[in-house]
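**Q** predicted model follows, preceded by the sequence.
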Amino acid sequence: MNQHVFDLRESAERQVVAHQLRDLADQFAKGRIDLAYDEWTTPTRVSDPVNVVLDFTRNKHHASLVIDLRWQPPAD
């Protein structure tokens, strides 16, 4: 069963985006990411190993970087 937890679409200065990505990376390193729409959703635990796919494409009109991170849910 999939549960949609969070998504974000915005336009921002690259320094703001870099700060948001650093914050997410810090949470990830601590083993818990807190992305949710409300305070009732608990942080998501991150377990090892993490599978990573970086997909970078560009053409004359835009560039795109997709980061896909996948891991097994930790046993409770």
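**A** Ah, there it is. Residues are numbered from 1 along each chain as shown.
**Q** what about I33, neighbour count?
**A** Burial of I33 is recorded as 19 neighbouring residues (other C-beta atoms under 10 Å). Placement of C-beta: from N, CA and C, glycine included.
**Q** so what's it up against?
**A** L24, Q27, P43, T44, V46 (C-beta atoms under 8 Å, 6 or more residues apart in numbering).
**Q** for the residue located most distally from the centre of the chain, phi and psi?
**A** In the chain, the residue that sits farthest from the middle, by C-alpha atoms, centre = their mean, is K60; the gap is 27.0 Å. Dihedral angles of K60 (phi, psi; degrees, to the nearest 10) stand at phi -70, psi -10.
**Q** of the contacts of I33, grab the buried ones for ChimeraX.
**A** Buried subset of the contacts of I33, written as a ChimeraX selection, criterion 16 or more other C-beta atoms under 10 Å:
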select :27,44,46
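**Q** now intersect the contacts of I33 with the strands, please.
**A** Per DSSP state E, strands hold the following members of those: T44.
**Q** out of the contacts of I33, who's nearest V66?
**A** L24 (14.8 Å; C-beta to C-beta).
**Q** show me what contacts the one residue sitting closest to the centre of the chain?
**A** Taking C-alpha atoms, centre = their mean, the centroid of the chain lies closest to L24, which sits 6.6 Å from it. Counting by C-beta under 8 Å, 6+ apart, L24 touches I33, L35.
**Q** next: R32.
**A** P43, T44, R45, V46.
**Q** quickly note the distance from the residue nearest to the third one when sequence neighbours are not counted to H19.
**A** Looking back up the chat, that one is R45. In this structure, R45 finds its nearest non-sequential neighbour in P74, 5.0 Å apart by C-beta to C-beta, 6 or more residues apart in numbering. Computed with C-beta to C-beta, to the nearest Å, the distance linking P74 and H19 is 28 Å.
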